[in-house]
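Trainee: model the structure of this input:
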Amino acid sequence: MRSFRTEIENPIVEKDIIELEAKIRQFKEGTIDGEKFRSLRLARGVYGQRQQGVQMIRIKLPYGRVTARQLRRISDVADEYSTGRLHITTRQDIQIHYVDLDRTPELWAQLEKDEVTLREACGNTVRNVTASETAGIDVDEPFDVSPYADAIFKYFLRNPIGQEMGRKFKVSFSASDSDTGLSYMHDLGFIAKMKNGVRGFKVLIGGGLGSQPRHADVLYGFLPTDKIIPLMEGVVRVFDRYGERKSRAKARMKFLLKDIGLDSFKRLLRNEEKAIPHKSVIIDPDTAPTVKAPKTVAPIVTIQDTKTFERWKKTNLVPQKQSGYVAIGIKVPLGDFYTDKARLLARLVEKYARGELRLSLRQNILVPFVPEASISFFYSELRKLGFAETGYNTALDITACPGTDTCNLGIASSTGIARELERVIKAEYPRYIDNPDVIIKISGCMNACGQHTMAHIGFQGMSIRTKDKLVAPALQVLLGGGNYGNGKGRFADKVVKIPSKRGPQALRLVLDDYDSYGQGLTYTDYYVKKGEQYFYDLLKTLTSVDNLVPEDFIDWGTTKTYRKAIGVGECAGVVIDLVATLLLESDEKIQRAAEALEAEKWAASIYYSYSSMVNAAKALLTAERTKTNTHASIIKDFDTKFIDTGRISQQGSFEDLVLQLNKNAPSERFAQTYMAQACDFLKVAGQYRTRELQEV
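Mentor: This next block holds a predicted model:
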């Protein structure tokens, strides 16, 4: 593989890419544990596909903003290293598929030429920071949340406190009380507020989707903007120490909040205050891009099909608070578009708008700052690109994850059924094409990447077994979810489980019933009024598996007989001593602590030293076959098994040694002392492991 030492200007990024290249080589040589390599590559945006031998690459785009230049760069990379297809995710990222693992460092280096990163796009990290796609132009926003989302992104990128948590951590910003950033379903959600002329946020914590969705708690009714970074640092530190690590099913923030309660969580937050390096971080609101006139005045065009044009304007134009401009919503079916069209779109917005696009949580594209006088021209140009489909953010605009197309966790097709449901709506329910009040979402499994658990009408991919033990693709039908605004929402109920091929009929029954009896009510209010049992009775006839026909055993979008397959595609490496790998990692963390100390980053150095000690303790406990579910349990169990028994001799407890972390302010002196203590502990742990192996 190639070296990138002379190709990347940013030395931090260069080091990242070189490290990925080295780890790929070590993995293939069998000198690094497969699970540890998996963790490292995921934190670099490299995700194993369902198809063996290729990777999905996730490109991290904070708050969904991408410039025309960056979109061209992404397109070039997708053509060179992938298939030319770009996929917009429900977290405002772009994914490309079918990438050779060996080429991922080179791919990353190419992206970084236009400041596009893969870092922490996957893995147990702080994921992409999302926001309302209308941030900065929203007619109802008290202020633009974009600079604050960007500041959070930059502060936590490569921050040692968020690199190896038990699970991922997701953050959102909502521009207004409409809460289009969906704060109530995030680990940490911020809603813009003004109080006595001061900018701030309503803060929610502990929300999540998945198989057990949880509504977030209100942590603060109002928090000034200069406090959001210190707050999030405390939250991530607590999650890193007390969050579950062994059982992935219980490793999200929502389970920690559920287990210990909000008051106990707040106490743990207070315990971290001394360790947080900055008590106030002032974020400059003027870092948001300024409004610039288009480079070129758009030519005047005449639209022939005025009826279609007017309908498109009704669903696809988004008003802006800036006078004389509108935003244009581009409906991107299933979030998939191709590089040839992407380049032409980039050229269009660069020349005739402000040169930026926003990717939306519903897998669409929003083009802001289109002059009102240029609407007809844009419509004409977008039609040429196939980007002028009516129905932006309406019932016709169905959200779906990749499902069994590429995801190695997919159980049943998401994209196939989504296409069929859109066809049904167009053909049989045209009135819903411009109806923004019914939201349909589909996920290929329980993990809810398609956000089906918060939809008005949701479908989750499953499998179903007949009495003859034949397996067919199935859908869990969920109804009644919705966003009430201002941090309040309702998660959908699981109503029935049906064979997948009956999904369209389920949609027909639900929409027909709503048309007949739901006049004057939002869909969520209508569902609540009728109740879950009512809809179970409505759909019950679709649940029987006694009368399946051959077609029912073929999933949407394929001609092959269905076979349930989960977890296919992750590379399997040579299994080596995990304990040795953990101890080696502890040494690497000490090296990082020393580098941070030299760079005068005291807090980062301290956290690396902390991580190295906990990691070494985990190594020795792993050799004892002791559960290592949380950092907190590792610390206590190490004292019980090694210090209290005298198997390892040191002055004081391991807990007292390690938790100096949150009892001292991050100073140079403490960072030096703490790192020296960590080095001594690693030496003792390594010596103990050597003696242990000699005695075997």
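
Trainee: show me how far the helix or strand where D16 lies is from its chain's centre.
Mentor: Using DSSP states H and E, D16 maps to helix 11-29. Distance of helix 11-29 from the chain centroid (Cα atoms, centre = their mean, to the nearest Å) equals 24 Å.

Trainee: pull out the buried residues from it.
Mentor: For helix 11-29, burial by neighbour count (16 or more other Cβ atoms under 10 Å) applies to V13, E14, D16, I17, I18, L20, E21, K23, I24, Q26, F27. Yep, even glycine has a C-beta here, placed from its N, CA and C like the rest.

Trainee: measure the third one to V99 for me?
Mentor: When Cβ to Cβ, to the nearest Å is applied, the distance between D16 and V99 equals 17 Å.

Trainee: over to the fourth one?
Mentor: When distances are taken as Cβ to Cβ, I17 and V99 turn out to be 15 Å apart.

Trainee: show me how the record splits this protein into domains.
Mentor: 1-121, 124-288, 306-385, 399-553, 578-695 (automatic domain parsing).

Trainee: adding mean pLDDT, write those domains out as a markdown table.
Mentor: What follows is these, written out as a markdown table (pLDDT from 0 to 100):
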| stretch | mean pLDDT |
| --- | --- |
| domain 1-121 | 89 |
| domain 124-288 | 95 |
| domain 306-385 | 96 |
| domain 399-553 | 92 |
| domain 578-695 | 93 |
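
Trainee: out of the ones you listed, flag the one nearest K560.
Mentor: domain 399-553 (9.7 Å; Cβ to Cβ).

Trainee: and that closest one, end to end?
Mentor: Taking Cα to Cα, to the nearest Å as the measure, domain 399-553 stretches 24 Å from start to finish.

Trainee: just stretch 269-284 next, same as before
Mentor: End to end - Cα to Cα - stretch 269-284 spans 26 Å.

Trainee: pull out the buried residues from that stretch.
Mentor: L269, N271, E272, A275, I276, V281, I283.

Trainee: would you list every one of the strands in the stretch 201-350 of the chain?
Mentor: Residue ranges of the strands in the stretch 201-350 of the chain, as given by DSSP state E, counting those that start in this stretch, are 217-224, 317-319, 325-330, 336-338.

Trainee: looking at this, A506 is in a strand?
Mentor: No: counting by DSSP: H, G, I helix; E, B strand; the rest coil, A506 is located in no strand; its state is helix.

Trainee: wait, it touches L542, no?
Mentor: Yes: in this structure, A506 is within contact of L542 by Cβ atoms under 8 Å, at 5.8 Å.

Trainee: shared neighbours, the two?
Mentor: Counting by Cβ atoms under 8 Å, 6 or more residues apart in numbering, the residues touching both A506 and L542 are V496, I498.

Trainee: the two: which is more packed in?
Mentor: A506 (23 against 18; other Cβ atoms under 10 Å).

Trainee: which residues sit in contact with that one?
Mentor: Neighbour list for A506: L475, V477, V496, I498, L539, L542 [criterion: Cβ under 8 Å, 6+ apart].

Trainee: return the subset of these lying in strands.
Mentor: Among these, DSSP state E puts L475, V477, V496, I498 in strands.

Trainee: among the residues you listed, which one sits closest to L219?
Mentor: Nearest to L219 among these is V477, at 33.5 Å by Cβ to Cβ.

Trainee: is that closest one in a bridge, and if so with what?
Mentor: F459, V496 (DSSP bridges).

Trainee: equivalent analysis for the one 5 residues further on, please.
Mentor: With beta bridges defined as DSSP bridges, G482 has these partners: R490.

Trainee: tabulate the buried residues of helix 11-29 (a markdown table), appending distance to R669.
Mentor: Shown next, in a markdown table, are the buried residues of helix 11-29 (distance: Cβ to Cβ, whole Å):
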| residue | distance to R669 |
| --- | --- |
| V13 | 31 |
| E14 | 31 |
| D16 | 30 |
| I17 | 34 |
| I18 | 32 |
| L20 | 35 |
| E21 | 37 |
| K23 | 34 |
| I24 | 39 |
| Q26 | 36 |
| F27 | 39 |
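
Trainee: looking at those, which is nearest L345?
Mentor: V13 (27.2 Å).

Trainee: could you find the closest non-adjacent residue to the closest one?
Mentor: Closest residue to V13 apart from its sequence neighbours, by Cβ to Cβ, 6 or more residues apart in numbering: E112 at 5.2 Å.

Trainee: can you report phi and psi for that neighbour?
Mentor: Dihedral pair for E112: phi -70, psi -20, per degrees, to the nearest 10.

Trainee: mind listing what the spatially closest residue to G386 that is not a sequence neighbour touches?
Mentor: Spatial nearest neighbour of G386, chain neighbours left out: K341 (6.7 Å); criterion: Cβ to Cβ, 6+ apart. When contacts are counted by Cβ under 8 Å, 6+ apart, K341 touches L385, G386, F387.

Trainee: most surrounded residue in these?
Mentor: Using other Cβ under 10 Å as the neighbour test, these are led by F387, with 22 neighbours.

Trainee: SS state for that one?
Mentor: Classified using three-state DSSP, F387 is coil.

Trainee: A448 too?
Mentor: Classified using three-state DSSP, A448 is coil.

Trainee: still on that earlier bit, show me which pair in the contacts of A506 is furthest apart.
Mentor: Every pair of the contacts of A506 checked by Cβ to Cβ; the farthest is L475 and L539, at 10.8 Å.

Trainee: quick one: common contacting residues for those two?
Mentor: I498, A506.

Trainee: between the two, tell me which one has more neighbours.
Mentor: The neighbour count for L475 versus L539, taken as other Cβ under 10 Å, is higher for L475 (28 against 21).

Trainee: quick one, what contacts the more buried one?
Mentor: 412, 417, 459-462, 497-500, 502-503, 506.

Trainee: of the residues you listed, closest to I634?
Mentor: Q460 (34.9 Å).

Trainee: just checking, the closest one touches N447?
Mentor: No: at 9.4 Å, Q460 does not count as touching N447 under the criterion of Cβ under 8 Å.

Trainee: looking at those two, which is more packed in?
Mentor: Counted by other Cβ under 10 Å, Q460 and N447 do not tie: Q460 has more neighbours, with 27 against 16.

Trainee: please report how far the more buried one lies from S413.
Mentor: 12 Å.

Trainee: again with Q70
Mentor: The value you get for Q70 to S413, if Cβ to Cβ is used, is 31 Å.
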